[in-house]
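> Have a look; sequence and predicted model below, questions after that.
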Amino acid sequence: MGMTITEKILAKAARRENVKAGDNLWIDVDVLMTHDVCGPPTIAIWKKEFGEKAKIWDKEKLVIFPDHYIFTKNPHANRNVDILRQFANDYDIKNYYDVGTERYKGVCHIALAEEGYDVPGTVLFGTDSHTCTSGAFGMFATGVGNTDAAFILGTGKIWEKIPESMKFTFNGKMPNYLTAKDLILQILGDIGTDGATYRAMEFDGESIFSLSMFERMTLTNMAIEAGGMNGIIAVDEATKKYLSEIGITDYKIFESDSDAKYHSTYKYDVSKIEPLVAKPHSPDNRDTVRNVQGTKLTKCYIGSCTGGKITDFRYAAGLLFGKQVKVTTFIVPASTAIAKQLEEETISGVSLKDIFEKSGCIIAESSCAACLGGPSDTIGRSVDGDVVISTTNRNFPGRMGSKKSQVYLASPLTVAASAITGKITDPREFL
Amino acid sequence: MEKKIIGKAYVLGDNIDTDQIIPAEHLVYSTSDPEELKKYGHFALSSVPIEKAGLPEGGKPFIQGDDYHSEYSIVIGGSNFGCGSSREHAPLALQVAGVKVVIAESYARIFYRNSVDGGFVIPYECQSKVNDKIRTGDVIEVDVDKNEITNHENGSVYKLNPLGDVFQIVEAGGLFEYARTTGMI
Ligand code: SF4
C-alpha cells in the first residue's frame, strides 16, 4: 500500500519505513515557532517543568515572532513582548524578530515563508492554529498548545497521531473573478468546520498548481477552519523557484503514491465556482456573493495571514485603482516585506500604496491587528454592531472585537468591490 | 486520578470555539501569577452568546458577578468542541473556573491535545448526543472505570468512548508527568 505525502514526511520524522493513519508516534521536530501571545506561557511551562537545568533542544530551530498584540498601549500585552525580548537575550536566540527594530517582520506564518523556515519535507510545529499555512511548501506543519510547545522546546520531540488524508482536486483555468479564498470557502461550505478534524487536507489539480505560492498559502492557512491537522500541497517548479530566490536549494521532496489510501476525495471544476462569502458567524456558513449582494457594510478589512499577502493587495488594488471607497477600509499588510512591496509595485505607474491611499483606505502597520480583535486600541477592531467584510479567516462571535458585530469572510476581490459600493458586491461588476 | 467525578452540568451547543471559551482580548494575563490567573476563570465561556449560555433555556452565565469560580464543574457540549485557535488558555480557563470534565460528541484536535497534555480537564467523547438530554444544573456522575455518565436527576446512563492511547497521559496528569514516569525526561 502506498503512502500519502503527509504519511511519508511523518514516517521520516518518526524514523520509520512505514506509518499508517491512526498510529500514535513520537516524532522529531525540525522547527518550533512561537509568538507574543503563546510564547510567554510556553517559556513559563518549560522553565517550571525542566527546572534549573532547562535547556533548549536546538536554538537554531526555535523561531520567535512578536506579531499579535504589538501596536497597543495595553500594559499586559507589552509585558508579553518584554518577556520574549528578555528570553531571547538570556538564551541568545538568533531567530528572534523584535518589534521596533529593523528585524521586525509581522505575522508569523508569512514571515516563516519569507525568512526561509518553510522547507519541503520538514516538520514544523507552532503555537498558533494557522501554522498549517506552511504546508503550501510540501511540508508537515501544524499548531499545538503551550504545554506541547514547552515539551518540544526541551526535547525536540512530540507525540502525534498520524492523520488520515482527504484529497481536494481543482481542475480548470482559474477565472479572473476567483481567488484561492473562494476555493477554500467552497470546501468549508461542503465539509463544515469539523469536516477534516484530525485529518490532513491535500490540495491537488491544475488549478492549484497554477497559483502563486502566496495564493497556495491561503488554502493551507484555512485547513484549520475545517478542523484539519495540516494542509499540504506538493512541491512543483513554482515552489522551487520561490525557494531558490531566497537561497534554499537543499531539501527532500515527497509526493503521494498513486495507490495511497485517502479518507475521501473531492473534485471541483473551477469554472463552476462563483465568488463566495462565509456569512456570520462561522467560516463554513457559505453563500454566493450574489445571494447576499447589497448587504450594507460599515467596515472593510484586507489583512492577516490569510488575506494580507502581496497577491491579495494586487487583486484589491486592481479594482480600487481610480475609485473611492464608500466605507472605512483597512489595509493591513501581513509582513513588513509586503508593506515595502506596496510602495514598490505599481499599476500604470502608480504604487499600490498610492492607489490605496488615493481611494481613501487606511493603511496600518504590519501585524495581526484586528484579525483577532485584540486590546481595545487595536486598529480596525470591530465595535458595536459593525457589519464587516474581511479577507481574514474566522468570523466567530467576537473574533474581530465586538460580540455584536457581523463579519463576512470573502476574497480580496470581493472585499475591494464591496468597499467601492459600501455594500456586499460581486467583483464581476468591476472586472 | 479520581475515579468518580460528580458535579453540576453546564450545557452548550455545537462548535463552541476557543474565542467563546476565552475571548482573545484576555489572553494577555499571566498564567503563572496566581492573582492574574483568576481572570482566566472569571472570563471563561464569557463570549458564548447569552441565549445559548446554559441550555436548554439559555441566559445562564457560567460565572456569576465578580467570581472566578463556577458552580458548574462538568461542561457538556455537542460536536467540534474547542474549534478555532491553538490557545491553551481555553482548557486552562475552564480548569481555573473549576471544570473537571468536558463531555462532547467530538473535539477539535488542538483543544483535545491541550486538555490532555496540559492536564487541565478530561475531554470525554460521548457515544451519542447528550447535550439535548442533559439540562444545565443537572447533577452528573462520571465513572472513569466504566466509561459512562449517570444523570442523577433521572438515572439515565450514557456511554463514553474510552480514552484509548491518551489514557496514560490523563492518568499521569499531563504530558510532562507522563514523560517523567516513563523515563523520557
Ligand atoms: S493574522 Fe490572524 S489568523 Fe493570522 S496569525 Fe495573526 S491572529 Fe492568527
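Yep, it's here.

> count of neighbours near residue A:287?
16 (other C-beta atoms under 10 Å in any protein chain shown). All C-beta spots, glycine's among them, are computed from the backbone N, C-alpha and C.

> quick check, the helix or strand hosting it touching chain B?
Assigned by DSSP states H and E, residue A:287 belongs to strand A:286-288. No: Strand A:286-288 is not in contact with chain B by C-beta under 8 Å from any C-beta of the partner chain; minimum separation 14.7 Å.

> Identify the residues contacting residue A:254.
Residues in contact with residue A:254 (C-beta atoms under 8 Å, 6 or more residues apart in numbering or on different chains) are A:5, A:8, A:9, A:12, A:120, A:121, A:138, A:234.

> how close does the third one sit to the ligand?
It stands for residue A:9. 23 Å (C-beta to the nearest ligand atom, to the nearest Å).

> so which strand or helix has that residue?
Using DSSP H and E, residue A:9 sits in helix A:5-13.

> okay, that helix in CSV with CA atoms only?
This file holds the C-alpha atoms of helix A:5-13, laid out as CSV (Å, rounded to 0.1, in the frame of the first residue of the first chain):
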residue,chain,number,x,y,z
ILE,A,5,2.8,12.9,1.2
THR,A,6,1.8,13.6,4.9
GLU,A,7,2.4,10.0,5.9
LYS,A,8,5.8,10.0,4.2
ILE,A,9,7.0,13.1,5.9
LEU,A,10,5.8,11.9,9.3
ALA,A,11,7.4,8.5,8.7
LYS,A,12,10.8,10.2,8.1
ALA,A,13,10.2,12.3,11.3
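
> Which elements pack onto that helix?
Other elements packing on helix A:5-13 under the criterion 3 or more C-beta pairs under 8 Å, 6 or more residues apart in numbering or on different chains; DSSP states H and E are strand A:24-28, strand A:123-126, strand A:140-143, strand A:199-204, strand A:230-233.

> okay, those strands in TSV with distance to chain B, mean pLDDT and mean neighbour count next?
Shown next, in TSV, are the helices and strands packed on helix A:5-13 (distance: least, C-beta to the nearest C-beta, whole Å; pLDDT from 0 to 100; neighbours: other C-beta atoms under 10 Å in any protein chain shown):
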stretch	distance to chain B	mean pLDDT	mean neighbour count
strand A:24-28	5	96	16
strand A:123-126	8	98	26
strand A:140-143	4	98	28
strand A:199-204	9	98	26
strand A:230-233	10	98	28
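
> Any chance of those strands in JSON lines with distance to residue B:13 as columns?
Output for the helices and strands packed on helix A:5-13, formatted as JSON lines (distance: least, C-beta to C-beta, whole Å):
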{"stretch": "strand A:24-28", "distance to residue B:13": "30"}
{"stretch": "strand A:123-126", "distance to residue B:13": "29"}
{"stretch": "strand A:140-143", "distance to residue B:13": "24"}
{"stretch": "strand A:199-204", "distance to residue B:13": "23"}
{"stretch": "strand A:230-233", "distance to residue B:13": "27"}
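
> can you tell me which of these comes nearest to residue A:45?
Minimum separation from residue A:45 across the helices and strands packed on helix A:5-13 (C-beta to C-beta) falls at strand A:123-126, 14.7 Å.

> Partner strands of the closest one and their direction?
Each strand paired with strand A:123-126, and its direction, by DSSP bridges: strand A:31-35 (parallel), strand A:140-143 (parallel).

> So which residues make contact with it?
So strand A:123-126 is contacted by A:9-10, A:13, A:27-34, A:108-109, A:112, A:117-118, A:131, A:134, A:139-144, A:148-149, A:152, A:158, B:86 (C-beta under 8 Å, 6+ apart).

> Over to stretch A:337-346?
Applying C-beta under 8 Å, 6+ apart, the contact partners of stretch A:337-346 are A:105-106, A:110, A:114, A:308-310, A:313-314, A:331, A:333, A:351-353, A:356, A:363, A:365-366.

> now the residues you listed: which count as buried?
A:105-106, A:110, A:114, A:308-310, A:313-314, A:331, A:333, A:351-353, A:356, A:363, A:366 (16 or more other C-beta atoms under 10 Å in any protein chain shown).

> Mind checking which of those residues are in strands?
Mapping these onto strands (DSSP state E) picks out A:331, A:351, A:363.

> Mind putting those residues into JSON lines with distance to chain B and pLDDT?
Below are those laid out as JSON lines (distance: C-beta to the nearest C-beta, whole Å; pLDDT from 0 to 100):
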{"residue": "A:331", "distance to chain B": "22", "pLDDT": "98"}
{"residue": "A:351", "distance to chain B": "33", "pLDDT": "98"}
{"residue": "A:363", "distance to chain B": "23", "pLDDT": "98"}
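
> before we move on, back to that, so what strands line up beside the strand holding residue A:287?
Partners of strand A:286-288 in the sheet, by DSSP bridges, are strand A:276-278 (antiparallel).

> Looking at the ones in strands among the buried ones among the contacts of stretch A:337-346, which is nearest residue A:99?
Using C-beta to C-beta, these come closest to residue A:99 at residue A:363, 17.9 Å.

> Spit out the contact partners of that closest one.
Residues in contact with residue A:363, defined by C-beta under 8 Å, 6+ apart, are A:331, A:332, A:333, A:342, A:353, A:356, A:357.
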